[in-house]
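A.B. asks: I'll drop the sequence and a predicted model, then ask my questions.
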Amino acid sequence: MMAFQGMAIICTQQGKIDDALNYYEKSLEAADRIQEEVILNQVPRYQAVSLNNIAYIHTLKKDFETAIPFYQKSLQIMEELGDIQNQAAALNNIAQIYILQGLINQAVPLLLQSLALKESIANRKGQSVSLHNLAYIYIRQGQVDQGISLYEKALKLSQEINDAEGQGYSLMMLGEIVAIKRSFSDGMIYLHEALNIFQELKSPHIKKVQKIIYDLYSSMNML
């Protein structure tokens, strides 16, 4: 099972999506065969991981209708195992597909459920990710104040666990919406703080925040 998983990861990194899917499917078949012979807690866990990875590959291929049932099967196994962290991850993955499909009303309850699970195990980094997802949706729906409030909560969580990358991302998202909807100067303060963090980390987000800053100055005819 692990050999198939390893080959699948390599193929995914190389962009060989169809080959990766084939290896993940073989890994799932191997887990099914082992379960027939041995009762081990790890076997259903491997099954859930394989199902999740197969769903991920279908998501990359934008085959969302195929991906969702695999995520749901993975979620069901994680619920049976009492694996709260991976339950939360599976719920988030399904919600992301709904967002990509524009099915926002179906995504929000899953994101809230995922957030509650993360809170129950004090997964503050995971909470921050969920808050970002929810903030994005609320702002997209015109609920700007609620979205900003969630970005601020996400920033606070990242600061509490010294997650510099998370702080930078929260500051970037917060800075853009604040600059557009509230105060241009306050937004720019957040954005430049984010840029400083990303530069220290040599983060791939450097170009993204630089583009946001450039576009905002351009929109204000300040270049």
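C.D. replies: Cool, got the structure. Numbering: from 1, shown residues only.
A.B. asks: In terms of pLDDT, where does S219 sit?
C.D. replies: Note for S219: predicted pLDDT of 89.
A.B. asks: Would you map the helices across the chain?
C.D. replies: 2-13, 17-37, 42-60, 64-81, 84-100, 104-120, 124-140, 144-160, 164-181, 184-201, 206-219 (DSSP state H).
A.B. asks: CSV for these, including mean neighbour count?
C.D. replies: Using the backbone N, CA and C atoms, a C-beta is placed for each residue, glycine as well. Listed next are the helices of the chain as CSV, based on neighbours: other C-beta atoms under 10 Å:
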stretch, mean neighbour count
helix 2-13, 16
helix 17-37, 17
helix 42-60, 21
helix 64-81, 18
helix 84-100, 21
helix 104-120, 18
helix 124-140, 21
helix 144-160, 19
helix 164-181, 21
helix 184-201, 17
helix 206-219, 15
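A.B. asks: Comparing those helices by mean pLDDT, which bottoms out?
C.D. replies: Note on the helices of the chain: lowest mean pLDDT is at helix 2-13, with a mean of 51.
A.B. asks: Just list the residues touching the residue sitting nearest the centre point of the chain, thanks.
C.D. replies: Centre of the chain computed as the mean C-alpha position; nearest residue by C-alpha atoms, centre = their mean is V129, 6.3 Å away. By C-beta atoms under 8 Å, 6 or more residues apart in numbering, the contact set of V129 is N92, A154.
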